[in-house]
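Asks: Sequence unavailable; structure follows:
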């Protein structure tokens, strides 16, 4: 992002008496098994400031983090494909629940990306909640 992008919000916030903090954060740096870089902006009105603002500290991704997000139940033909995919990655099916990893079973290999332990996205269709 160019300097103009960062400068303009700062100028506006100063004119309105706000203390503006902007930072690009990645969800994977905060214990979420998903890699998404996003710009976060926090603006605190100067007359409402109680203490100095601090960004949260980075924290490690839990080894079992995906258990919180993925449904162990399978449906359709996915159970037939799971062994093939885990073997291709040199893993056992038990590894899926002991290590943080993502296998996007049923999607086109043309569009798969990511690395073991982190996925660029988790969509509603791939999760267990409605």
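Replies: Noted; the coordinates are in hand. Everything numeric in this text was worked out from a predicted model, so none of it was measured. Numbering: from 1, shown residues only.

Asks: neighbours of residue 32, just the number please.
Replies: When neighbours are counted by other C-beta atoms under 10 Å, residue 32 registers 19. For the C-beta atoms, the positions are set from N, CA and C on the backbone; glycine is no exception.

Asks: Secondary structure of it: a strand, I assume?
Replies: No: under DSSP: H, G, I helix; E, B strand; the rest coil, residue 32 sits outside any strand and is assigned coil.

Asks: sec struct for residue 8, please.
Replies: Three-state call for residue 8 (three-state DSSP): helix.

Asks: now residue 38
Replies: Here residue 38 is recorded as strand under three-state DSSP.

Asks: Tell me how many other residues surround it.
Replies: For residue 38, the count of nearby residues is 9 (other C-beta under 10 Å).

Asks: Residue 31 now?
Replies: By other C-beta under 10 Å, 13 other residues sit near residue 31.

Asks: low-scoring stretches of this structure, by residue?
Replies: Scanning the chain for pLDDT under 70 picks out the ranges 1-6, 61-89, 93-130.

Asks: Domain map for this structure?
Replies: 3-48, 65-126 (automatic domain parsing).

Asks: Buried residues in stretch 26-41, which are they?
Replies: 28, 32, 33, 34, 35 (16 or more other C-beta atoms under 10 Å).

Asks: my hunch is that residue 44 is in a strand, does that hold up?
Replies: Yes: assigned with three-state DSSP, residue 44 falls within a strand.

Asks: i'd like the first residue to be 59 from this point on
Replies: Sure thing, new numbering starts at 59, so read that last one as residue 102.

Asks: How about the contacts made by the closest residue to residue 92 other than its chain neighbours?
Replies: Spatial nearest neighbour of residue 92, excluding adjacent residues (C-beta to C-beta, 6 or more residues apart in numbering): residue 85 at 5.1 Å. Taking C-beta atoms under 8 Å, 6 or more residues apart in numbering as the criterion, residue 85 is in contact with 92, 93, 94, 96.
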